[in-house]
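Enquirer: give me the fold of what follows.
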Amino acid sequence: MGWGEIDGHGILTGHRAHNRKETPIMSFPKARLLVMVLLTCSLIACGGSLPPVPPPAGPDVQADLTAPGEETAPPAEEQAADAPAPAAPDCETADDCNNKGAFALIGGQNDLGVALLDRACALGSGAGCLNLGRQYYGGERVTADLSRAAELFAKACELGEAEACFNAGLMTIQGKQGDPDPVRATELFERACDGGHATGCGNAGVMHFQGQGVARDHGKAQPFFEKACEKGERDGCFNLAVVLFKGEGVSHDPARAEELFAKLCDGGDRDACAGLDEVKGQAGGGAAGAGPDPEMAKYGQQISVESMSADGLVVRHLKCGLGSGGMFAALGIVGALAGQKKAFDRCARKGGAVDLTWSFAAGKVTSVEVDGAQPPKAGKCAAKALKRAKLPFTGRCKARVLLGAEKGAEQAAAKL
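Expert: All right, here's what the predicted structure looks like:
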């Protein structure tokens with residue numbers, strides 16, 4: 001998903017009198033992860049059932065472009081032609097300068113607005129520094145200047161603006177001003193979290209989880225994910241569930257992990273549904289959480305992939321014993337199954353899921369076992385579809401295949 005963006009458009013009037021829209025930053029094992037994470041973990045056996053949390057990202061902040069007491073304003077371009085010549089800043093206090101600067105920018109008086117915000121910042125207004133930093137970062141009302149933006153975000157952070165700490169952290173980890181500095185970025189995300197910035201908390205947790213700028217420590221990551229989740233950051237809740245389920249450096253708490261995944265899944269998060277599926281599978285000892293069967297263990301190469309999709313076909317909990325192909329064989333196997341997607345979908349057009357175990361040799365599927373199916377009648381149909389697949393290896397696999405409509409498939413998978 002990338003690192004996200006810093007708002008270069010909105011104006012903060014008064015003190016913290018703005019709205020901020022946050023977008024998700026984390027994901028379970030699929031397309032929202034960075035490519036490097038996919039290549040090193042999600043598509044390859046990683047020794048664990050849940051993949052590492054991907055690198056942190058930031059929100060596309062959408063602050064209201066309105067000043068106190070004014071609901072709307074005509075577009076700046078419509079007013080710019082009639083705007084008076086820039087005047088010297090005329091304000092008494094830091095907050096007064098910030099608010100007048102906001103009004104000036106809204107009215108299309110960009111030079112005056114920037115001068116007023118500069119004055120507000122000089123007088124110690126964190127909001128003024130943050131607003132001015134946004135302008136230099138976005139480059140719409142002034143010429144873009146990332147060095148100046150970084151300085152202003154840093155000053156606003158020192159003055160207690162949590163969003164500025166978060167923005168500075170993003171610029172630092174992205175290397176907007178030199179090489180990426182994960183140590184400094186971690187410090188800034190932690191300061192943003194201390195100031196109440198939910199995504200700042202989530203990103204600080206990720207830095208500790210992955211060991212970026214700090215020692216890798218899941219125990220230290222957990223409280224940051226807790227704070228992010230408490231503040232309503234969905235991805236903080238997701239990552240908290242991952243940490244609790246993995247139980248590495250923290251208390252293993254699958255019951256709470258299941259609760260968190262279930263809430264997110266109910267809200268439409270497909271990756272959380274996959275997490276819920278995994279937790280239930282391990283708790284119940286079913287196909288989703290079971291290890292390789294004895295026949296699978298006979299083969300020299302073992303692979304395990306939590307989730308993968310190809311051409312719209314979603315395959316989960318793939319475990320194989322192979323005679324050759326190694327860790328990249330999963331790509332060929334899932335690709336071969338995807339070649340039968342239409343046949344699979346016909347088994348449950350409104351949505352279904354089936355757990356299958358199959359053996360194959362010389363490009364042909366030699367046997368198929370249905371370990372579970374929702375709806376039950378989809379099992380026999382899916383087995384027939386699988387037998388048509390042309391697999392490029394020799395070995396034995398088990399996996400969960402999602403069928404038909406996405407929403408119905410997720411619901412069916414949760415029942416297995």
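
Enquirer: tell me where the stretch 251-400 of the chain has helices.
Expert: For the stretch 251-400 of the chain, the helices defined by DSSP state H, counting those that start in this stretch occupy 254-266, 270-284, 294-297, 329-338, 341-346, 378-387.

Enquirer: got JSON lines for those, with mean pLDDT, distance to S147 and mean neighbour count too?
Expert: Bear in mind the C-beta positions are built from the backbone N, C-alpha and C, glycine included. Formatted as JSON lines, these follow (pLDDT from 0 to 100; distance: least, Cβ to Cβ, whole Å; neighbours: other Cβ atoms under 10 Å):
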{"stretch": "helix 254-266", "mean pLDDT": "92", "distance to S147": "40", "mean neighbour count": "19"}
{"stretch": "helix 270-284", "mean pLDDT": "77", "distance to S147": "38", "mean neighbour count": "22"}
{"stretch": "helix 294-297", "mean pLDDT": "74", "distance to S147": "57", "mean neighbour count": "13"}
{"stretch": "helix 329-338", "mean pLDDT": "85", "distance to S147": "44", "mean neighbour count": "21"}
{"stretch": "helix 341-346", "mean pLDDT": "96", "distance to S147": "51", "mean neighbour count": "17"}
{"stretch": "helix 378-387", "mean pLDDT": "95", "distance to S147": "58", "mean neighbour count": "20"}
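
Enquirer: of these, which approaches G128 most closely?
Expert: Of all the helices of the stretch 251-400 of the chain, helix 254-266 sits nearest to G128, with 37.9 Å by Cβ to Cβ.

Enquirer: CA atoms only: put that closest one into CSV for me.
Expert: The C-alpha atoms that make up helix 254-266 are tabulated as CSV, following Å, rounded to 0.1, in the frame of the first residue of the first chain:
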residue,chain,number,x,y,z
PRO,A,254,-6.3,-16.7,20.8
ALA,A,255,-9.7,-16.0,22.3
ARG,A,256,-9.1,-12.2,22.2
ALA,A,257,-7.5,-12.5,18.8
GLU,A,258,-10.6,-14.3,17.6
GLU,A,259,-12.8,-11.6,19.0
LEU,A,260,-10.8,-8.8,17.3
PHE,A,261,-10.7,-10.6,14.0
ALA,A,262,-14.4,-11.3,14.2
LYS,A,263,-15.3,-7.7,14.8
LEU,A,264,-13.2,-6.6,11.8
CYS,A,265,-14.5,-9.4,9.6
ASP,A,266,-18.1,-8.3,10.4
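
Enquirer: which residues touch that helix?
Expert: 229, 234, 237-238, 240-242, 244-245, 272-273, 275-276, 279-280, 282-283, 410, 414 (Cβ atoms under 8 Å, 6 or more residues apart in numbering).

Enquirer: let's see it at 6 Å
Expert: Surrounding helix 254-266, the residues in contact under the criterion Cβ atoms under 6 Å, 6 or more residues apart in numbering are 237-238, 241, 244-245, 272-273, 275-276, 279.

Enquirer: again with stretch 214-223
Expert: Stretch 214-223 has contacts (Cβ under 6 Å, 6+ apart) with 186, 205, 208-209, 243, 248-250.

Enquirer: which of these ranks first by neighbour count?
Expert: The residue in the contacts of stretch 214-223 with the most neighbours, by other Cβ atoms under 10 Å, is G205 (33 neighbours).

Enquirer: contacting residues around it?
Expert: Counting by Cβ under 6 Å, 6+ apart, G205 has contacts 221, 224-225.

Enquirer: of all these, which comes closest to G138?
Expert: F224 (28.4 Å).

Enquirer: any idea how far T93 is from R119?
Expert: Noted for T93: a distance of 10 Å to R119, by Cβ to Cβ, to the nearest Å.

Enquirer: please identify which of those two sits among more neighbours.
Expert: Higher neighbour count among T93 and R119: R119, with 22 against 12, using other Cβ under 10 Å.

Enquirer: in a strand, that one, correct?
Expert: No. Read with DSSP: H, G, I helix; E, B strand; the rest coil, R119 is helix and lies in no strand.

Enquirer: which residues touch it?
Expert: R119 makes contacts with 89, 97, as judged by Cβ under 6 Å, 6+ apart.

Enquirer: about what we covered before: any chance of the contacts of helix 254-266 in TSV, with distance to K398 too?
Expert: Listed next are these as TSV, based on distance: Cβ to Cβ, whole Å:
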residue	distance to K398
C237	30
F238	26
A241	24
L244	26
F245	21
A272	23
C273	20
G275	19
L276	19
V279	18
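
Enquirer: quick one, domains of this protein?
Expert: According to automatic domain parsing, the chain comprises the domains 58-174, 184-284, 295-415.

Enquirer: need the helices of the stretch 251-400 of the chain in CSV with distance to L112, can you?
Expert: Output for the helices of the stretch 251-400 of the chain, formatted as CSV (distance: least, Cβ to Cβ, whole Å):
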stretch, distance to L112
helix 254-266, 47
helix 270-284, 48
helix 294-297, 72
helix 329-338, 59
helix 341-346, 60
helix 378-387, 67
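
Enquirer: E406: which of those is closest?
Expert: helix 270-284 (7.5 Å).

Enquirer: packing partners for the closest one?
Expert: helix 254-266 (3 or more Cβ pairs under 6 Å, 6 or more residues apart in numbering; DSSP states H and E).

Enquirer: point out where this structure drops to low pLDDT.
Expert: 1-88, 281-293, 325-328 (pLDDT under 70).

Enquirer: now the strands for it?
Expert: Ranges of strands in the chain, per DSSP state E, are 301-310, 313-322, 352-361, 364-374, 395-403.

Enquirer: can I get these in TSV with distance to G160 and mean neighbour count?
Expert: What follows is the strands of the chain, written out as TSV (distance: least, Cβ to Cβ, whole Å; neighbours: other Cβ atoms under 10 Å):
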stretch	distance to G160	mean neighbour count
strand 301-310	41	20
strand 313-322	45	22
strand 352-361	50	24
strand 364-374	53	17
strand 395-403	48	26
